[in-house]
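Chemist: using only what follows, build the 3D model:
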Amino acid sequence: MAEFVLVAGAWLGASAWDDVVAPLRAAGHGAHALALSGLGDKRGMPAGQQTHVQDIVDEVERRDLRDVVLVGHSYSGIPVGQAAQRIGDRLTTVVFVDAEVPVDGGSFASGWWQGQEAFEAQLTENGGYWPPIGAADLDGQGLADEQVARLIEGSVPHPGATLTEPAVLTRPLGELPATYIKCLLDGPEPNDTVATLLASDNWRLVTMDTGHWPMFSQPTELARILAAQAD
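Modeler: Okay, here's the model as predicted:
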C-alpha cells in the first residue's frame, strides 16, 4: 500500500482533502494531508517557496514514509515537484492535480497569464499576500453551493513570497515518474510546459470532467484515480 502526501493549492490547508483522505484510507493506503506554512492551521507562519518545499520533505522524513505518492494541487505542484526530487528512493510517483509545475529559476508569478508585474502588483496592494477568491470566481467549476462554502471557509490569504521566489530543480522534471490530472472545466489542455513534460515516457495524462478543485467537486473519483497511480 502507498503513503499519500496530499498538498492543496493556494489559500487552502489540509482540510481541503478531508473527502479524499477517507476513501484512500478505506482502500488500505496511508493518507497524510499537509498544511503548508502560512496556510490552514499554520496561518501566520512566515513562508517562502523553499519553506514549502522543506515542509513537504520534513513531513515525509518525520513520518519515515516509504512508497510515497506526492500529490500537488494547483500552486503546490511547484513545491511538490521540487520535494519529489529530494526524497530519493522514498518516492513512488508524483501526481499533479490541475497543477503548476516547477521550472528551474521560475516562479508562480513568472508564469502568471497577465504577466509577473501585474501579479506582483496584486501582492503589493494586499500587504504581501494573495487574497482568496470569492464565490463568483468559482462559477462553472462543477461545485455545489455547499462545496463552494467549504472551499471559501477554508481559504486564507496566501503568503506572497511563496509565489515569487524561484524554483530550484536538481535534474530535469521529466525524469520523475508522474501523472498529470487535467480538470477539463478549467480548460481542455495542459499548459505548454506540462505538454512538453507529457512527451516523456515517465509522464502520463489523466482527465477529469470537473473543475479546478476536484477534492471538493469529485473527491471519490479523485481518490480512485490517485489509488490507481499507486498500483
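Chemist: show the pLDDT at the most centrally placed residue in the chain.
Modeler: Centroid-nearest residue in the chain: residue 73, 2.2 Å away (criterion: CA atoms, centre = their mean). At residue 73, the pLDDT value in this model is 98.
Chemist: over to residue 230?
Modeler: Residue 230 is given a pLDDT of 86.
Chemist: can you pull the contacts of it?
Modeler: For residue 230, the contact set (CB atoms under 8 Å, 6 or more residues apart in numbering) comprises 1-2, 4, 29, 67, 69, 92-93. Quick note: C-beta positions are derived from backbone N, CA and C, even for glycine.
Chemist: now swap in residue 159 and tell me
Modeler: Per CB under 8 Å, 6+ apart, neighbours of residue 159: 37-39, 46-48, 128-129.
Chemist: from residue 123, how far off is it?
Modeler: 9 Å (CB to CB, to the nearest Å).
Chemist: mutual contacts of those two, please.
Modeler: Contacts common to residue 159 and residue 123, judged by CB under 8 Å, 6+ apart, are residue 129.
Chemist: in the contacts of residue 230, which residue is surrounded by the most others?
Modeler: residue 4 (28 neighbours; other CB atoms under 10 Å).
Chemist: give me the residues contacting the helix or strand containing that one.
Modeler: Assigned by DSSP states H and E, residue 4 belongs to strand 3-7. By CB under 8 Å, 6+ apart, the residues outside strand 3-7 that reach it are 14, 17, 20-21, 24, 29-34, 36, 56, 59-60, 63, 65-73, 76, 79-80, 226, 230.
Chemist: next step: these restricted to helices.
Modeler: With helices defined by DSSP state H, the entries of the contacts of strand 3-7 inside them are 20-21, 24, 56, 59-60, 79-80, 226, 230.
Chemist: which of the residues in stretch 139-159 are buried?
Modeler: Of all the residues in stretch 139-159, those buried under the rule 16 or more other CB atoms under 10 Å are 141-143, 147-148, 150-151, 154-159.
Chemist: my bad, stretch 35-48
Modeler: For stretch 35-48, by 16+ other CB under 10 Å, it's 35-40, 42, 47-48.
Chemist: ditto for stretch 214-231
Modeler: 214-219, 222-223, 225-227, 229-230.
Chemist: adding distance to residue 207, write those residues out as a markdown table.
Modeler: A markdown table is the format used below for the buried residues of stretch 214-231 (distance: CB to CB, whole Å):
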| residue | distance to residue 207 |
| --- | --- |
| 214 | 11 |
| 215 | 16 |
| 216 | 18 |
| 217 | 14 |
| 218 | 12 |
| 219 | 17 |
| 222 | 12 |
| 223 | 16 |
| 225 | 10 |
| 226 | 14 |
| 227 | 17 |
| 229 | 14 |
| 230 | 19 |
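Chemist: which of those residues lies closest to residue 197?
Modeler: Using CB to CB, residue 229 is the member of the buried residues of stretch 214-231 that lies nearest residue 197, at 15.7 Å.
Chemist: so how far is residue 197 from the residue lying closest to that closest one once chain neighbours are set aside?
Modeler: Excluding the flanking residues, the one nearest residue 229 by CB to CB, 6 or more residues apart in numbering is residue 179, at 5.0 Å. Separation of residue 179 from residue 197 (CB to CB): 11 Å.
Chemist: give me the common contacts of the two.
Modeler: Counting by CB under 8 Å, 6+ apart, the residues touching both residue 179 and residue 197 are residue 203.
Chemist: was I right about residue 118 contacting residue 109?
Modeler: No. Using CB atoms under 8 Å as the test, residue 118 is too far from residue 109 to be in contact (9.3 Å).
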